[in-house]
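**Student:** Generate a structure from the sequence data that follows.
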Amino acid sequence: MHSLEELHGTIEKIIFESEQNGFVVFTLNVSLAEHIVVRCHAPGIKPGELVNLRGTWTVHPRFGKQFHAQQCTALPPTSSAGLKKYLASGLIPGIGPVYAEKLVDRFGSSVLEIIDKEPHKLSLIGGIGKKRIERIATAWKDQKEISHIMVFLQEKGISAAYATKIYKKYGNDAIALVTENPYRLAQEVWGIGFKTADAIAQSVGIAQDSLKRVTAGILYALSQAATSGHLYMLLDDLRKSTAELLEIDLLNALPKIKHALHNLHDEGKIKLITHNQCHFIALALHYASEKGVAQKITSLMEYPLVHRIDTDAVYEKLRTAPELKGVSLNEDQQRGIMNCLLHKITVITGGPGTGKTTLIKQLLSVLDEQRINYKLAAPTGRAAKRMSESTHRQASTLHRLLEFDVSAFGFSRNEHNALQLDMLIVDEASMIDIFLAHAILKALPLTAHLVLIGDVDQLPPVGPGNFLRDVIASKRAATVKLTHIFRQAQDSLIIRNAHRINQGEFPASTEPDARKDYIFIKEENPELVSTHLTNLYKQGGLARYGIDAQDSMVLTPMNRGIVGTQHLNGELQTMLNAHNPPQVSSAGTHFRMQDRVMQVRNNYDKNVFNGDIGTITEIDSEDRTLSVLFIDRTVMYEASELDELVLAYAISVHKSQGSEYGAVIITLFAQHFTLLQRNLLYTAITRARKLCILIGQPKAIAMAVKNTQGTERVTFLSNYLTSDLQCY
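**Tutor:** Sure, this is the predicted structure:
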């Protein structure tokens with residue numbers, strides 16, 4: 001075993017930085033004549049930082065001699081050049097490259113001491129006023145606290161990548177709280193996984209087979225199942241998953257796992273459900289949400305109708321109503337509208353071109369005539385905007401309708417402060433997870449009607465549960481499935497192929513009586529996808545169809561790989577936004593003015609949510625901040641928040657739910673096999689309004705069309721609605 005060698009120097013340039021695992025490659029300046037390439041796991045480091053490294057020398061077959069650092073400890077720099085790079089790195093909001101130059105030129109090696117102890121002297125620099133001094137002083141104080149956390153983590157052999165996030169979450173109590181229970185990091189600090197928290201736990205002395213570690217493993221295994229949509233786990237599967245996660249022998253660990261499960265149950269943190277002689281475990285919150293949904297649905301349906309409507313007259317009017325833009329209501333649509341009036345909960349589902357929008361418009365006309373108070377809502381901003389445009393009525397997002405309160409971290413509208421309405425009409429209901437469903441139902445007065453409109457054949461919600469599908473399966477709600485494709489939609493290959501896929505048939509590339517709004521580009525080599533995208537975006541391919549690049553989206557099943565979102569976004573940014581130079585970088589992503597970006601987590605403080613897409617309208621390279629224009633407002637991001645944004649020229653099919661684009665370009669290859677499912681391809685194609693271009697292998701398309709597995713989620717809402725299934 002090689003003994004560890006020590007190096008000391010200044011980080012010159014970041015060559016590579018991985019957003020996923022914090023791996024970095026940088027050049028280290030150890031003397032005027034010597035620059036060394038260093039490889040290590042130390043996310044968050046910046047050019048200009050003085051570092052101590054401990055590691056070994058390696059020889060890379062392509063890049064030659066490198067230093068592989070196992071430890072990287074950052075120290076404040078001392079040289080003028082190092083100080084300038086250090087301050088210009090964005091470490092302290094309020095100081096960028098320009099002010100870094102001025103500050104070091106004015107105060108020299110004392111600059112950090114001036115910032116720390118005599119910040120008022122910064123006013124000697126032209127352009128630095130009172131407000132900027134306050135920002136710098138506050139940020140420096142925060143940075144000093146963060147540095148303590150960094151030292152603490154480094155002493156435990158853990159990277160300090162998330163020190164800023166930990167400090168933001170816990171403040172000055174960070175070290176005490178993390179020492180007491182490191183596992184809370186995986187649950188409470190976005191971006192920190194169980195493995196990182198577990199490494200910290202073991203470094204502070206928590207034994208590998210301790211009850212605390214086993215308990216944390218059980219809770220994490222249940223929360224991970226929820227990321228795949230499951231609200232429950234089979235008891236045996238939970239035991240196996242916990243042992244695998246903790247890398248301990250299952251047989252030896254069973255007594256500890258059993259003990260931990262009993263404790264969690266006694267503390268009310270988990271629930272046991274027995275169904276068909278099988279035992280399932282759920283987090284208490286997951287059980288309470290699904291059970292609460294079932295109870296409120298039952299209460300709504302048992303509460304008598306309040307509005308007295310001459311239903312015979314309404315039905316007769318619907319039957320004889322004049323055509324709306326050449327479309328008259330068919331029997332299913334008429335029945336759907338009558339269900340909304342006669343039943344407390346109604347589901348309207350159907351594919352593209354089956355008249356869901358026409359039904360909504362006619363329903364609203366009836367409600368207006370009957371003076372029934374209603375509200376329109378959808379899960380996402382884009383879906384709400386589209387609903388407003390199609391109905392010419394105001395529609396809002398569900399979060400806005402329910403009035404999320406950041407201070408209470410919950411919705412203001414609930415069972416104690418119900419919505420004032422007679423009917424709530426929700427579009428894109430297939431996107432609603434169990435938590436949002438519970439919030440909606442809690443906020444409904446017992447007198448209200450709920451109308452859920454959506455396409456049940458699309459992908460299930462990103463969050464856990466299968467609300468719409470389970471409600472339909474229970475047969476408790478009045479449900480109408482629209483199947484007739486209207487004449488106006490029949491000449492679209494997009495719509496025909498969507499229904500073909502839904503019926504297990506291969507999509508057609510051409511038909512004599514259909515317009516060519518669907519194009520299949522056969523391509524066996526995924527590495528050539530970028531060539532096809534260049535032809536479409538740079539060689540006028542989209543323009544020939546009258547499509548603006550801004551009204552298009554590339555959809556792909558995965559984030560990783562040569563045809564994953566991460567790689568394609570880099571290619572597309574170069575194609576579509578090369579004229580704007582990169583101004584702010586974060587975790588390997590270079591953000592430019594006018595870049596299309598997507599929020600990748602729910603941020604209730606900013607009122608932006610996972611999947612929201614906007615455009616960068618302002619960048620402050622000095623402070624490393626940027627502003628993003630979403631549909632109706634602008635949101636500012638600080639340097640430490642930039643990891644919540646990714647480029648969005650290409651997005652996953654899952655993230656496209658609730659959105660439509662003039663053109664969608666779909667990539668589908670056999671390497672996506674784990675995600676090739678019928679509802680994924682169906683969802684992707686139905687995102688296109690005017691043009692759908694599918695690039696990929698016929699084999700991959702056939703795999704997706706045939707595969708109807710993977711839509712099943714472990715949920716019990718349907719059972720709760722139809723039986724007395726109990727938990728213990």
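**Student:** per-residue confidence for Gly171?
**Tutor:** On pLDDT, Gly171 comes in at 78.
**Student:** How many residues are close by it?
**Tutor:** A count of nearby residues for Gly171, using other C-beta atoms under 10 Å, gives 11. (Each C-beta comes from the backbone N, C-alpha and C, glycine too.)
**Student:** And for it, nearest residue in space, chain neighbours not counted?
**Tutor:** Among residues not flanking Gly171 along the chain, Glu145 sits closest, at 7.7 Å (C-beta to C-beta, 6 or more residues apart in numbering).
**Student:** ditto for Trp57
**Tutor:** Nearest residue to Trp57, sequence neighbours excluded (C-beta to C-beta, 6+ apart): Phe67, at 5.9 Å.
**Student:** Share the number of residues neighbouring that neighbour, please.
**Tutor:** So Phe67, with other C-beta under 10 Å, has 19 neighbours.
**Student:** what's the distance between it and His35?
**Tutor:** To His35, Phe67 is 11 Å away according to C-beta to C-beta, to the nearest Å.
**Student:** who touches both of those two?
**Tutor:** Counting by C-beta atoms under 8 Å, 6 or more residues apart in numbering, the shared contacts of Phe67 and His35 are Leu28.
**Student:** circling back to that earlier point, isn't the residue nearest to Gly171 right next to Asn172, touching?
**Tutor:** Yes - the criterion here is C-beta atoms under 8 Å, and Glu145 meets it with Asn172 at 6.1 Å.
**Student:** ok, the residue nearest to Gly171 - contacts?
**Tutor:** By C-beta under 8 Å, 6+ apart, Glu145 lies in contact with Tyr167, Gly171, Asn172, Ala174.
**Student:** ok but the first one is inside a helix, no?
**Tutor:** Meaning Tyr167. Yes - if the criterion is DSSP: H, G, I helix; E, B strand; the rest coil, then Tyr167 is within a helix.
**Student:** At which residues are the strands of the stretch 351-500 of the chain located?
**Tutor:** Along the stretch 351-500 of the chain, counting by DSSP state E, counting those that start in this stretch, strands occupy 374-378, 395-397, 404-405, 410-411, 423-426, 449-454, 478-482.
**Student:** Format those as JSON lines; extra columns: mean neighbour count, mean pLDDT and distance to Phe673.
**Tutor:** Below are the strands of the stretch 351-500 of the chain laid out as JSON lines (neighbours: other C-beta atoms under 10 Å; pLDDT from 0 to 100; distance: least, C-beta to C-beta, whole Å):
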{"stretch": "strand 374-378", "mean neighbour count": "22", "mean pLDDT": "97", "distance to Phe673": "32"}
{"stretch": "strand 395-397", "mean neighbour count": "20", "mean pLDDT": "94", "distance to Phe673": "35"}
{"stretch": "strand 404-405", "mean neighbour count": "16", "mean pLDDT": "86", "distance to Phe673": "39"}
{"stretch": "strand 410-411", "mean neighbour count": "16", "mean pLDDT": "90", "distance to Phe673": "40"}
{"stretch": "strand 423-426", "mean neighbour count": "24", "mean pLDDT": "97", "distance to Phe673": "34"}
{"stretch": "strand 449-454", "mean neighbour count": "26", "mean pLDDT": "97", "distance to Phe673": "28"}
{"stretch": "strand 478-482", "mean neighbour count": "20", "mean pLDDT": "95", "distance to Phe673": "30"}
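**Student:** low pLDDT regions in the stretch 101-250 of the chain?
**Tutor:** Within the stretch 101-250 of the chain, the segments meeting pLDDT under 70 span 146-147, 150-151, 153-164.
**Student:** residue boundaries of the helices in it?
**Tutor:** Counting by DSSP state H, counting those that start in this stretch, the segments of the stretch 101-250 of the chain that form helices are 111-117, 130-155, 163-170, 174-180, 184-188, 194-203, 211-227, 235-246, 250-266.
**Student:** Beta-bridge partners for the nearest residue to Glu641 once chain neighbours are set aside, please?
**Tutor:** Closest residue to Glu641 apart from its sequence neighbours, by C-beta to C-beta, 6+ apart: Asn603 at 7.9 Å. Counting by DSSP bridges, Asn603 forms beta bridges with Val608.
**Student:** give the contact list for Asn603.
**Tutor:** Asn603 makes contact with Phe609, Glu641, Glu644 under the criterion C-beta under 8 Å, 6+ apart.
**Student:** Flag whichever of those scores worst on pLDDT.
**Tutor:** Glu641 (85).
**Student:** now that residue: how far from Tyr86?
**Tutor:** The gap separating Glu641 from Tyr86 is 21 Å, by C-beta to C-beta.
**Student:** Please say which of those two ends up with more neighbours.
**Tutor:** Tyr86 (27 against 19).
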